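> sequence isn't available, so here's the structure alone:
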């Protein structure tokens with residue numbers, strides 16, 4: 001069984017080599033700045049200072065935000081990082097996503113994903129994180145995910161703004177004949193207070209661009225912030241509320257064709273044959289082609305509008321082969337259970353000797369439970385779509401995606417074009433949740449564009465095609481056991497979690513052939529890395545051989561592990577006859593950040609105070625993506641059905657760069673998690689998913705949404721994420737509240753398998 005010690009020793013050597021400048025990564029190359037991609041596309045009278053800033057002589061200031069805007073507010077908060085240091089207001093800037101380029105690599109996603117708890121700041125943990133950051137730069141993957149956008153941009157983008165500011169001051173100093181240190185910047189101007197003279201950034205831009213930027217600039221202390229730390233109007237909202245064409249599905253180009261796809265309904269299955277003769281007789285249909293991709297096998301219909309493509313696809317007669325996956329849910333559960341029974345798992349964190357602690361445990365001190373979480377769809381509001389054009393040896397892809405560099409990899413693989421001949425235009429996303437990191441919808445669009453003789457083609461999936469093909473949040477099964485001490489607290493906890501590997505699946509689809517052996521910490525995230533002090537503790541992870549394609553889903557492994565682990569903690573609290581909040585408080589006594597959250601949560605929710613018999617509360621706590629979150633859910637019995645009445649959330653991200661937007665993401669994450677907990681699942685019958693649309697995979701509706709109270713603390717000292725951390729604990733808190741209400745312990749999601757909801 002792999003241990004964290006073995007992993008740490010391997011990765012310590014990698015990190016040491018990188019930090020010492022060894023040959024493993026070439027430290028000299030690592031330290032070199034990546035090319036500024038903005039230099040290639042400057043307009044007349046426009047200057048660039050780094051990959052994040054362009055300024056025109058007309059005073060137009062453009063800030064590049066290289067992360068996808070999918071409703072999480074990255075467009076505004078990341079731009080504010082630059083604007084703060086550049087001393088301009090958000091009203092003075094235009095924001096662009098920018099090109100796909102190595103300069104916009106995301107090292108924080110890898111750094112934050114190192115297999116250590118967020119509270120572990122040991123030398124080994126920090127060395128591995130640093131090594132992962134080095135790897136991140138060499139991989140140069142531009143992607144949005146892991147709630148990492150702010151952690152990644154916090155220093156990079158502030159430095160970009162500060163460097164541009166100081167370069168503009170240097171240019172002004174030359175023009176005014178004064179020391180740069182005597183000048184100040186404000187609202188897009190450089191001002192000489194002594195003479196009263198000022199120059200706009202536009203007047204200085206071209207001259208400033210010729211000056212070598214300073215190598216060492218001072219960033220503003222928090223006490224001098226004007227934008228950061230305060231709520232800001234969302235820069236993407238005006239376009240959204242006025243219905244402007246900003247999403248991928250809105251793309252319109254001259255001479256455009258339209259297409260849709262149909263893949264084998266059994267994931268991974270082949271297409272034996274198809275007959276398109278009837279479809280080709282239909283009005284507007286241009287062509288029907290076979291698609292044989294890593295992501296699916298089926299066909300595409302090309303037509304003169306999307307509706308005609310949809311209708312023609314229904315007319316194609318096709319014979320599908322059976323897929324390689326499980327035939328039904330019972331088989332999936334058996335594979336998960338058999339995987340655990342076979343042994344050979346991995347453990348990333350352990351303490352004491354759990355086996356010895358269990359060996360002589362009295363039966364009355366043992367608690368055992370088994371939990372299950374199903375496959376889940378991302379269910380984005382905007383169905384999968386992408387537009388591609390292959391013309392004159394240049395590939396252009398317009399795509400609502402979370403990973404433009406991955407699309408470049410796919411484009412090069414399919415067309416054999418050089419990197420500089422592939423352009424990725426990232427639009428706004430109508431929801432992502434991890435689904436749009438996947439390249440399948442762009443892959444299909446590129447393949448179809450190779451058949452349209454230079455004409456652009458927009459490929460739109462039906463909702464049914466989207467929801468019934470994944471890739472999905474993986475199913476998972478966990479077995480837990482604990483030994484309680486005489487004080488009611490656990491002296492030993494052992495968990496075994498089986499799930500297909502998200503990392504192996506994603507890497508296999510994006511970079512087939514790249515080794516994916518070894519532990520996948522995503523399988524045990526949300527269980528092994530929580531701030532509970534238990535003398536004898538171990539969580540084992542098992543890669544289950546389920547072939548259904550799986551991918552990142554909002555909060556990834558935390559989503560199912562938090563439900564399982566925090567439900568088990570609640571079971572232990574009741575078995576030990578300890579109040580569930582106090583139980584957690586005792587086990588997390590070594591972590592002041594957690595204690596502050598629990599204490600505030602207790603006050604906000606009036607935890608422990610009598611309420612009428614039709615109501616009850618449940619609690620759960622999870623650290624994920626660097627943010628510590630405690631949640632209390634209150635439920636009400638309404639004629640035998642459950643209403644989710646109230647939710648209280650206390651979160652500590654270390655620092656909230658936009659408190660209002662942070663709260664919006666907490667609320668969004670909680671509703672997303674409640675939707676999954678209450679009634680969502682992708683179930684299988686005869687090898688194919690049964691759900692196909694919101695009619696059988698519904699989200700929480702407005703009339704069901706609880707009153708949500710959110711409070712932010714800033715004690716942790718680490719900048720955590722916002723988009724995902726509220727999702728994991730809310731599922732367990734709901735299940736725990738139901739137990740407190742009616743004594744029914746539900747160990748499988750969705751919960752509506754055992755209770756009804758209003």
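Received it, and whenever you're ready, just let me know what you need. Just so it is clear, the structure is predicted and the values come from calculations on it, not from any experiment.
> from here on, contacts and neighbour counts on C-alpha atoms
OK.
> how about the helices in the stretch 451-600 of the chain?
In the stretch 451-600 of the chain, the helices defined using DSSP state H, counting those that start in this stretch lie at 463-467, 502-510, 557-575, 580-587, 592-605.
> name the helices or strands packed onto the second one?
Of the remaining helices and strands, those touching helix 502-510 by 3 or more Cα pairs under 8 Å, 6 or more residues apart in numbering; DSSP states H and E are helix 404-415.
> contacting residues around the helix it packs on?
With Cα atoms under 8 Å, 6 or more residues apart in numbering as the test, helix 404-415 has contacts from 100-102, 141-143, 395, 417-419, 422-424, 426, 439, 442-443, 446-447, 510.
> quick one: which of the helices of the stretch 451-600 of the chain is nearest residue 353?
helix 580-587 (18.0 Å; Cα to Cα).
> which residues belonging to the closest one are considered buried?
Of the residues in helix 580-587, 580-581, 583-585, 587 count as buried by neighbour count, 16 or more other Cα atoms under 10 Å.
> can you pull the domain assignment for the chain?
33-106+141-235, 248-323+384-460, 343-376+472-753 (automatic domain parsing).
> to residue 332, which of those lies closest?
Closest among those, once you apply Cα to Cα, is domain 343-376+472-753, at 7.1 Å.
> filter the contacts of helix 404-415 down to the ones in helices?
442-443, 446-447, 510 (DSSP state H).
> turn those residues into CSV, including pLDDT and neighbour count.
Shown next, in CSV, are these (pLDDT from 0 to 100; neighbours: other Cα atoms under 10 Å):
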residue, pLDDT, neighbour count
442, 98, 28
443, 98, 22
446, 98, 28
447, 98, 22
510, 89, 19
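> list the contacts of stretch 218-238.
Contacts of stretch 218-238 (Cα under 8 Å, 6+ apart): 73, 75-77, 80-81, 84-85, 89-90, 158-159, 162, 655-661.
> helix or strand: which one has residue 206?
helix 201-208 (DSSP states H and E).
> show me how far the helix or strand just after that helix is from its chain's centre.
Later in the chain than helix 201-208, the nearest helix or strand by DSSP H and E is helix 237-241. Relative to its chain's centre, helix 237-241 lies at 23 Å (Cα atoms, centre = their mean, to the nearest Å).
> what is the mean pLDDT for helix 237-241?
Mean per-residue pLDDT for helix 237-241: 95.
> likewise stretch 300-314?
98.
> residues in contact with it?
The set of residues external to stretch 300-314 that reach it, using Cα under 8 Å, 6+ apart, is 256-262, 279-280, 282-291, 448, 460, 462.
> return the subset of the residues you listed lying in strands.
257-262, 285-291, 460 (DSSP state E).
> and which of those is nearest residue 684?
Closest to residue 684, out of all of the ones in strands among the contacts of stretch 300-314 and judged by Cα to Cα, is residue 262, at 18.5 Å.
> so who does that closest one touch?
298-300, 313, 465.
> any idea which of the residues you listed is closest to residue 69?
residue 465 (24.0 Å).
> relative to residue 377, how far out is the closest one?
Distance from residue 465 to residue 377, counting by Cα to Cα, to the nearest Å: 12 Å.
> do the same with residue 516
24 Å.
> and the two? Which one has more around it.
residue 377 (27 against 15; other Cα atoms under 10 Å).
> max-length helix in this structure?
Ordering each helix of the chain by length in residues (DSSP H) puts helix 149-176 first.
> could you list every helix and strand in contact with it?
strand 46-50, strand 53-56, helix 74-86, helix 108-112, strand 183-186, strand 189-192, helix 201-208.
> neighbouring contacts of the fifth one?
Judged by Cα under 8 Å, 6+ apart, the contacts made with strand 183-186 from elsewhere in the structure are 86-88, 165, 169, 173, 190-193.
> do that again at 6 Å, thanks
Strand 183-186 is touched from outside by 87, 190-192, with contacts defined as Cα atoms under 6 Å, 6 or more residues apart in numbering.
> same check, this time on the third one
Judged by Cα under 6 Å, 6+ apart, the contacts made with helix 74-86 from elsewhere in the structure are 69, 157-158, 161-162, 165, 227, 234-235.
> rerun that using 8 Å as the cut-off
Against helix 74-86 from outside (Cα under 8 Å, 6+ apart): 52, 63-65, 67-69, 89-90, 93, 95, 149-150, 153-154, 157-162, 164-165, 185, 188, 219-220, 225-228, 232-236, 657-658.
> hmm, what's the outermost residue in the protein?
Distance from the centre of the chain peaks at residue 195, with 50.8 Å (Cα atoms, centre = their mean).
> what about that residue, distance to residue 606?
Distance, residue 195 to residue 606, by Cα to Cα: 60 Å.
> what of residue 572?
Residue 572 is 22 Å from residue 606, by Cα to Cα.
> looking at the two, which one has more neighbours?
residue 572 (24 against 12).
> that one and residue 490 touch, don't they?
Yes. Counting by Cα atoms under 8 Å, residue 572 touches residue 490, with 7.4 Å between them.
> common neighbours of these two, please.
Joint contacts of residue 572 and residue 490 (Cα under 8 Å, 6+ apart) are 482, 484.
> residue 705 against residue 671, yeah?
Yes. If you go by Cα under 8 Å, residue 705 and residue 671 touch, sitting 7.4 Å apart.
> more neighbours: the two, which one.
With neighbours defined as other Cα under 10 Å, residue 705 and residue 671 compare such that residue 671 has more, 24 against 16.
> which SS class is residue 623?
strand (DSSP: H, G, I helix; E, B strand; the rest coil).
> which residues does it contact?
Contacts of residue 623 by Cα under 8 Å, 6+ apart are 118, 526, 529-531, 629, 725.
> again with residue 532
Contacts for residue 532 (Cα under 8 Å, 6+ apart) come out as 584, 587-588.
> again, 10 Å this time
Residues near residue 532 by Cα atoms under 10 Å, 6 or more residues apart in numbering: 569, 584-591, 594.
> so what's the residue count around residue 590?
13.
> repeat for residue 194
9.
> same question for residue 467.
With neighbours defined by other Cα under 10 Å, the count for residue 467 comes to 26.
> wait, which of the contacts of strand 183-186 is closest to residue 370?
residue 87 (55.5 Å).
> can I assume residue 140 is in contact with residue 107?
Yes. Applying Cα atoms under 10 Å, one finds residue 140 in contact with residue 107, separated by 8.0 Å.
> those two - which one has more neighbours?
residue 107 (28 against 18).
> distance of the nearest residue to that one once chain neighbours are set aside from residue 420?
With sequence-adjacent residues excluded and distances taken as Cα to Cα, 6 or more residues apart in numbering, residue 107 is closest to residue 136, at 4.4 Å. Note on residue 136: its distance to residue 420, by Cα to Cα, is 21 Å.
> off-centre distance for stretch 291-311?
28 Å.
> in that stretch, what counts as buried?
So for stretch 291-311, counting by 16+ other Cα under 10 Å, buried means 291, 295-310.
> what do you get for stretch 364-379?
365-367, 370-379.
> again with stretch 449-457
So, applying 16+ other Cα under 10 Å, buried residues of stretch 449-457: 449-452, 454-457.
> over to stretch 627-644?
Buried residues in stretch 627-644 (16+ other Cα under 10 Å): 627-637, 642-644.
> please apply the same query to stretch 652-663.
Applying 16+ other Cα under 10 Å to stretch 652-663 flags 652-659, 661-663 as buried.
> just the ones of the residues you listed in helices?
Using DSSP H, the buried residues of stretch 652-663 in helices are 659, 661-663.
> and which of these is nearest residue 711?
So of these, ranked by how close each gets to residue 711 (Cα to Cα), first place is residue 663, at 7.8 Å.
> burial count for the nearest residue to residue 482 once chain neighbours are set aside?
Once flanking residues are discounted, residue 482 sits nearest to residue 493: 4.4 Å by Cα to Cα, 6+ apart. Close neighbours of residue 493, defined as other Cα under 10 Å, add up to 27.
> for residue 493, list the residues it contacts.
Here residue 493 is in contact with 350-351, 354-355, 357-358, 366-368, 480-484, 534-539, 568-569 (Cα under 10 Å, 6+ apart).
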